[in-house]
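Participant: coords please:
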Amino acid sequence: MSLTSSLFSGISGLSTLGNSMTVIGDNIANINTVGFKGSRVTFQDVLSQSVATTAGSAQVGRGTSLADITANFGQGSFESTASSTDLAIGGDGFFIVRDPNSSSEYYTRAGEFRLDKDGNFTNPEGYIVRGWALDAVTGEDTGSITDIVLQSFTSSPKETDLLTLAVNLDADATSKVESLSNTWDGTAATPLAAAAYEYQSTLKAYDTLGSTHDVIIYFDKKSSTNWEYIITSNPAEDKRTFGTTAEVTTVACTAGSTLAGGEYFNISSPTVDYYVWYTVQGVGVDPAAANVGKTAIPVVLLTADTDIGVATKIVAAIDALGDFGADNAAGASATITITNAANGEAARTADGGSTAATGFTITETVRGGLAADHPLQGLLARGELTFDTSGNITHVDQWTTNATTGAITAQVDGTDTSSDGFFDFTAEFITGSTQDIEVDFGIAYLNSAWTKGTLATSQFATSSNTAFQSANGYGAGDLQSVSVATDGSITGKYSNGEVIPLYRVGLAKFQNYQDLYKRGGNLFEETRNSGNPITGKPGSSGLGSISPNSLEQSNVDIAEQFVKMITTQRGFQANSKIITVTDQMLAELIQLKR
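Facilitator: Next comes the predicted model:
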């Protein structure tokens, strides 16, 4: 072996140690680079040369070479920031970004993201972050992975479909003379005077276009355990109509027609007297006392007598309390209650009070009268609340109005069923379209096991008050800010108070991180040796979770780098010395010629 071999060994050492110093310099230069992963150099010896020895064959090394430069993908520490779109990954995953000028995807640990002017969620270089769109209601992922782009900066309105109200109604209150529905006059100015009710509560409801409307619920005591309520809106904001003025001739209830819950009609006329004729099985009866006054409603009883033509008679007159109809300025309302005189039970159908095989027909006729517009504008629903002797609500009955016919529908089936305090009514405000709204008054006990309700309307001997009320729905809103959760879900906070799921940030990992190609700009690119990316949502498949308002710092340990710098420097000096010493030895060899 010649002395020149040692020269080349020294040169190889200088070369590899120079590369090592380059890596150390790169690590130190990126000590403050977000998401930077440091590298380290490993060396290996080169091909050895065999030489003869007294002991036999031996090998002499020919120097060193660069074995590998490996990245350290260890976790970096987190730096807290004020930006909600700064994201750090606690785990092995990478953010996925796409070059907007191509379909190429890249991977990064640097989560310094922001929204650009077009709503793209990007890194500082303009690469768009990838993820999944979220269902605005369920918050679940939808579709395949895509660019995260906020295309709409406003949220659509959602109409109100639930009103929740828990009130206490004063047990010492006195009953008013008129029912609430009779007193309601349907005018926009003062639809219900303060003296006509005991208590009222106002809630804000949103229509389908996002406009707000007052929904006012009035309460009035009927008896020691019963309260009447009506649910109203401003009559001027009620788009429903209740018919037009027309001549009324006959209102018929044929055999089998349901009468439980009440049949009603409104009558008006230029005269002051109103007459109703009753025909049973074709035999006309004209009772002298059948005059229907404006302040009285006749009660008709059916006897159990099977004789045809003598089944009707006026027994008594009652005031308008409990009338399903509503008086207007020009006329009166009348409710005809059908009762079986034999047992006192309410008749279920028109043929329920007759023993005749063919049943019978009751016909109610208004002579010389005109049916005026029903004064029900703004009256959405009405009903009764029933309390036990302890003041706990036990039952909610409901009646609603039909916008086409003006009919009031009573949900009465003759049985004493349990109530959960919920019922629906239909509203059609002046803006928007028809919407169904559920009302929850609460119930004292939720089921047959007497489970106590958390919110319930009550009747105690204290001033009437509202314990709790709420209305869902919201108007249109403008996007004010976005935030990211640990599961990667991006939610938007809007000016209407709504927080709506928008997207979920996607993460990726690889089987072989070391063979990812560094592209610059804190980006990595997959290679054949790295394997295909495994994508998923944060918190799954070992991808790690996301820390919002955080950035991952460089994982370079500067103390370690300084130590490596010292050893590299000394190694370089030593290899330099090999070259100088070998040179001196060669010089000595040359001098042998003298």
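
Participant: Select the longest helix from the protein.
Facilitator: Secondary structure of the chain read by DSSP state H shows that its longest helix is helix 558-591.

Participant: same for it, what does it pack against?
Facilitator: When contacts are defined as 3 or more Cβ pairs under 8 Å, 6 or more residues apart in numbering; DSSP states H and E, helix 558-591 packs onto helix 4-29. Every C-beta, even on glycine, is put in place using the N, C-alpha and C of the backbone.

Participant: what angle sits between the longest helix of the chain and helix 4-29?
Facilitator: 160 degrees (axes from the mean of the first three to the mean of the last three Cα atoms, to 10 degrees).

Participant: Now do the contacts for E438.
Facilitator: E438 makes contact with D161, L162, L163, F422, F423, D424, according to Cβ atoms under 8 Å, 6 or more residues apart in numbering.

Participant: Got a ChimeraX select line for the buried ones in those residues?
Facilitator: To isolate the buried subset of the contacts of E438 in ChimeraX, counting by 16 or more other Cβ atoms under 10 Å, use the following:
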select :163,423
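
Participant: can you list the contacts of E438 in TSV and add secondary structure?
Facilitator: Shown next, in TSV, are those (DSSP: H, G, I helix; E, B strand; the rest coil):
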residue	secondary structure
D161	coil
L162	strand
L163	strand
F422	strand
F423	strand
D424	strand
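
Participant: Taking the contacts of E438, tell me the two that lie furthest apart.
Facilitator: D161 and F423 (12.8 Å; Cβ to Cβ).

Participant: what lines up beside whatever helix or strand F219 lives in in the sheet?
Facilitator: Using DSSP states H and E, F219 maps to strand 212-221. Next to strand 212-221 in the sheet, as set by DSSP bridges, lie strand 199-206 (antiparallel), strand 226-233 (antiparallel).

Participant: what mean pLDDT would you report for the first one?
Facilitator: To tie it back to what came earlier, the one meant is strand 199-206. Strand 199-206 shows a mean pLDDT of 93.

Participant: go on, stretch 210-224?
Facilitator: 91.

Participant: For that stretch, output the C-alpha coordinates as CSV.
Facilitator: Extracted in CSV, the C-alpha atoms of stretch 210-224 (Å, rounded to 0.1, in the frame of the first residue of the first chain):
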residue,chain,number,x,y,z
GLY,A,210,-85.4,34.7,9.5
SER,A,211,-87.6,37.6,10.5
THR,A,212,-88.7,37.7,14.2
HIS,A,213,-92.3,37.8,15.4
ASP,A,214,-93.8,38.0,18.9
VAL,A,215,-95.7,34.9,20.0
ILE,A,216,-97.8,35.9,23.0
ILE,A,217,-99.4,33.3,25.2
TYR,A,218,-102.2,34.5,27.4
PHE,A,219,-103.5,32.6,30.5
ASP,A,220,-106.8,33.0,32.3
LYS,A,221,-108.3,31.0,35.2
LYS,A,222,-111.4,29.0,34.6
SER,A,223,-111.7,27.0,37.8
SER,A,224,-109.7,25.9,40.8
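
Participant: For that stretch, buried residues please.
Facilitator: Neighbour-count burial for stretch 210-224 [16+ other Cβ under 10 Å]: G210, S211, T212, H213, V215, I216, I217, Y218, F219, D220, K221, K222.

Participant: Which residue ranges of the stretch 451-594 of the chain form strands?
Facilitator: 465-471, 477-484, 489-494, 499-505, 507-509, 517-520, 523-525, 534-536, 545-548, 550-552 (DSSP state E, counting those that start in this stretch).

Participant: Output those strands in TSV; the columns should cover mean neighbour count.
Facilitator: Formatted as TSV, the strands of the stretch 451-594 of the chain follow (neighbours: other Cβ atoms under 10 Å):
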stretch	mean neighbour count
strand 465-471	14
strand 477-484	16
strand 489-494	21
strand 499-505	21
strand 507-509	24
strand 517-520	11
strand 523-525	19
strand 534-536	17
strand 545-548	20
strand 550-552	21
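
Participant: Could you export the ones you listed as TSV, including distance to G56 and mean pLDDT?
Facilitator: Converted to TSV, the strands of the stretch 451-594 of the chain look like this (distance: least, Cβ to Cβ, whole Å; pLDDT from 0 to 100):
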stretch	distance to G56	mean pLDDT
strand 465-471	95	91
strand 477-484	69	92
strand 489-494	71	94
strand 499-505	65	94
strand 507-509	52	96
strand 517-520	47	94
strand 523-525	50	96
strand 534-536	54	95
strand 545-548	61	95
strand 550-552	56	96
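
Participant: Spell out which residues make up each domain of the protein.
Facilitator: 4-74+555-591, 79-156+487-552, 162-170+197-228+375-471, 246-371 (automatic domain parsing).

Participant: so where's this protein shaky on pLDDT?
Facilitator: Applying pLDDT under 70 to the chain flags residues 1, 186-189, 240-376, 397-422, 443-454, 594.

Participant: ok so, going back, now tabulate the strands paired with strand 212-221 in a markdown table and tack on distance to S181 and mean neighbour count.
Facilitator: Shown next, in a markdown table, are the strands paired with strand 212-221 (distance: least, Cβ to Cβ, whole Å; neighbours: other Cβ atoms under 10 Å):
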| stretch | distance to S181 | mean neighbour count |
| --- | --- | --- |
| strand 199-206 | 14 | 19 |
| strand 226-233 | 6 | 24 |
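
Participant: Reformat the strands of the stretch 451-594 of the chain as TSV; add distance to V60.
Facilitator: Output for these, formatted as TSV (distance: least, Cβ to Cβ, whole Å):
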stretch	distance to V60
strand 465-471	88
strand 477-484	61
strand 489-494	63
strand 499-505	57
strand 507-509	45
strand 517-520	37
strand 523-525	41
strand 534-536	48
strand 545-548	54
strand 550-552	47
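
Participant: Now for the nearest residue in space to T33 that is not next to it in sequence: which residues touch it?
Facilitator: In space, and not counting its chain neighbours, T33 is closest to S554: 5.2 Å by Cβ to Cβ, 6 or more residues apart in numbering. The contact partners of S554, taken as Cβ under 8 Å, 6+ apart, are N30, I31, N32, T33, V34, G35, F36, K37, G38, G76.

Participant: do the same with L516
Facilitator: A71, Y107, F510, F524, E525, E526, T527, S530.

Participant: now swap in S463 and tell me
Facilitator: Applying Cβ under 8 Å, 6+ apart, the residues contacting S463 are N168, D170.

Participant: run the last query once more with 10 Å
Facilitator: N168, L169, D170, D172, A173, Y199 (Cβ atoms under 10 Å, 6 or more residues apart in numbering).

Participant: out of those residues, which are buried?
Facilitator: Here, 16+ other Cβ under 10 Å leaves N168, L169, D170, A173, Y199 buried among those.

Participant: Now the last one: closest residue in space that isn't a chain neighbour?
Facilitator: Once flanking residues are discounted, Y199 sits nearest to S464: 3.7 Å by Cβ to Cβ, 6+ apart.

Participant: same thing with the third one?
Facilitator: Leaving aside its sequence neighbours, D170 sits nearest to S464 (Cβ to Cβ, 6+ apart; 4.6 Å).

Participant: That neighbour and P548: what is the separation?
Facilitator: 47 Å (Cβ to Cβ, to the nearest Å).

Participant: shouldn't E125 be in contact with D116?
Facilitator: No: counting by Cβ atoms under 10 Å, E125 does not reach D116; the two are 11.3 Å apart.

Participant: Comparing those two, which shows the higher neighbour count?
Facilitator: E125 (15 against 12; other Cβ atoms under 10 Å).

Participant: contacting residues around the more buried one?
Facilitator: V97, D99, P100, Y106, T108, A110, G520, G521, N522, L523.

Participant: Tell me the first helix or strand C-terminal of the helix or strand containing the first one.
Facilitator: If I follow you right, that is V97. Element membership for V97 (DSSP H and E) is strand 94-98. Once the chain leaves strand 94-98, the next helix or strand it forms, by DSSP H and E, is strand 105-108.
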